[in-house]
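Trainee: Here is the input, now give the coordinates:
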Amino acid sequence: MKRILIIYTGGTIGMVRTPNGYAPQRGYFRAALDAIPSLHMEGMPHWELFEMEPLLDSSNMTVAEWNKIAQLIAENYGRYDGFVVLHGTDTMAYTASALSFMLENLGKPVVLTGSQIPLCELRSDGRDNIITSILIAADERVHEVCLYFGGNLLRGNRATKYSADGLIAFVSPNYPALAEAGITIRYRKSALLAKPEGALRLQLLENVPIGVIKVFPGIQFELFESIMTEKLRGIVIETFGAGNIPGDGNALLPIIRRAFEGGTVLTVCSQCPQGAVSLGAYETSSALKQAGAVSGLDITTEAAVAKLYYLFSRGCDKETVKVEMERDLRGEMTV
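Mentor: Here you go, the predicted model:
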């Protein structure tokens, strides 16, 4: 029988009503799982629950929590056939992206899931998400960090949160779903990563200073000059379209050059969920490339942030980070 470790980090799925709104409550979640008959039926993989301390709303997730989750998976890697990480939806795509880089040579499924409606409510979407995630975590065809939600299994570092109140909370704009759960779970074999060779290697993350800037009409780039110093190691800038900035964005270019000379790497992502950055395709993006920025291609902002954390935590210098940010490491981008 397959053995699955469920790691409960907090989030909506296990929250209860309190006078101040929904909040996680230690000790409640085990009883909630025991009350789901399907989790104890014949054919269900054997599962065990680990409850993290403290339980968190996912908006409070940090690099420290990513390290705890990844370390827990690495320490138990030989004892279990797969892992399910129960997580709040707000930052689930960030955590999924981070784990995908931290767990090198991952040969087993790591499935993140949660819910939009807590299990304590009558019509929670959490029941199906948990049950299906456990079944996926026991499937030998999956060898990567995934995100399961609302009937779709997505590559973790390709997913982004799409809806705050819909049951289809996540989408993968630039990569097909790995599987769809209907009457059966139908895997798209061509979309899955191949099983890697070699043993699992854990790369913990350092709390590297990283920033995100979203371009908007009328943005005054000079206001960001004071924060773009040598202390800021990486910047993700969300531009228009295929990498365009406003025509008067010349104020940004010397800032980028100085930041790069100080060791900062600037990665360009698109505000458009679908499509890719193509620096140089338009005149307004050519200057970014000339100033030293790198193209994030079709990577999500969540994955770009996680990848910068990972590369700097490995001790890569800025030139190596620039090269690696444009190279596909875990299926996070289309090169």
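Trainee: pretty sure residue 323 belongs to a strand, no?
Mentor: No: counting by DSSP: H, G, I helix; E, B strand; the rest coil, residue 323 is not found in a strand; it is helix.
Trainee: which residues does it contact?
Mentor: Shown in contact with residue 323 (Cβ atoms under 8 Å, 6 or more residues apart in numbering): no residues. C-beta here means a position set from N, CA and C on the backbone, and glycine is covered the same way.
Trainee: Equivalent analysis for residue 291, please.
Mentor: Residue 291 touches 252-254, 256-257, 260, counting by Cβ under 8 Å, 6+ apart.
Trainee: Could you pull up the contacting residues of residue 194?
Mentor: By Cβ under 8 Å, 6+ apart, residue 194 lies in contact with residue 143.
Trainee: quick one: the helices in this structure?
Mentor: 28-34, 63-75, 92-102, 126-137, 252-261, 283-290, 301-313, 318-325 (DSSP state H).
Trainee: quick one: low-confidence parts of the stretch 51-200 of the chain?
Mentor: Judged by pLDDT under 70, the stretch 51-200 of the chain has no weakly predicted residues.
Trainee: for the strand of greatest length in the chain, packing partners?
Mentor: Longest strand in the chain, counting residues (DSSP state E): strand 46-56. On a contact count with 3 or more Cβ pairs under 8 Å, 6 or more residues apart in numbering; DSSP states H and E, strand 46-56 meets strand 3-10, helix 28-34, helix 63-75.
Trainee: Let's see that with 6 Å instead.
Mentor: For strand 46-56, the packing partners by 3 or more Cβ pairs under 6 Å, 6 or more residues apart in numbering; DSSP states H and E come out as strand 3-10.
Trainee: Going by neighbour count, list what's buried in the strand it packs on.
Mentor: 4-10 (16 or more other Cβ atoms under 10 Å).
Trainee: Which one of those residues is nearest to residue 113?
Mentor: Nearest to residue 113 among these: residue 6, at 9.9 Å, using Cβ to Cβ.
Trainee: Specify the beta-bridge partners of that closest one.
Mentor: residue 49, residue 84 (DSSP bridges).
Trainee: ditto for the one 10 residues further on
Mentor: The bridge-partner assignment for residue 16, based on DSSP bridges, gives residue 23.
Trainee: count of residues packed around the closest residue to residue 33 other than its chain neighbours?
Mentor: The shortest distance from residue 33 to any non-neighbouring residue, by Cβ to Cβ, 6 or more residues apart in numbering, is to residue 39 (5.9 Å). Residue 39 has 16 neighbours, counted by other Cβ atoms under 10 Å.
Trainee: Distance check, residue 39 against residue 253.
Mentor: Here residue 39 is placed at a distance of 56 Å from residue 253 (Cβ to Cβ, to the nearest Å).
Trainee: Pop the domain breakdown of the chain in here.
Mentor: What automatic domain parsing lists as the domains of the chain is 3-202, 210-325.
Trainee: okay, how far is it across the longest one, tip to tip?
Mentor: This means domain 3-202. Taking Cα to Cα, to the nearest Å as the measure, domain 3-202 stretches 21 Å from start to finish.
Trainee: So what's the residue count around the closest residue to residue 175 other than its chain neighbours?
Mentor: Take residue 175 and drop its neighbours on the chain: the residue closest to it by Cβ to Cβ, 6+ apart is residue 158, 4.2 Å away. Neighbour count for residue 158, taken as other Cβ under 10 Å: 32.
Trainee: Residue 214 is nearest to which of the helices of the chain?
Mentor: helix 301-313 (8.9 Å).
Trainee: quick one, the closest one and helix 92-102 angle?
Mentor: Here the directions of helix 301-313 and helix 92-102 differ by 30 degrees (axes from the mean of the first three to the mean of the last three Cα atoms, to 10 degrees).
Trainee: and helix 301-313, what does it pack onto?
Mentor: helix 92-102, strand 234-239, strand 265-270.
Trainee: got the CA positions of that helix in CSV?
Mentor: This file holds the C-alpha atoms of helix 301-313, laid out as CSV (Å, rounded to 0.1, in the frame of the first residue of the first chain):
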residue,chain,number,x,y,z
THR,A,301,6.0,36.4,-11.4
GLU,A,302,5.6,33.8,-8.6
ALA,A,303,8.1,31.5,-10.2
ALA,A,304,10.5,34.3,-11.1
VAL,A,305,10.6,35.4,-7.5
ALA,A,306,11.2,31.8,-6.3
LYS,A,307,13.9,31.2,-8.9
LEU,A,308,15.8,34.3,-7.9
TYR,A,309,15.7,33.2,-4.2
TYR,A,310,17.0,29.8,-5.3
LEU,A,311,19.8,30.9,-7.5
PHE,A,312,21.2,33.5,-5.1
SER,A,313,20.9,30.9,-2.2
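Trainee: Other residues contacting it?
Mentor: 93-94, 97-98, 101, 157, 205-206, 208, 210, 233-234, 236, 267, 269, 296, 321, 324, 332 (Cβ atoms under 6 Å, 6 or more residues apart in numbering).
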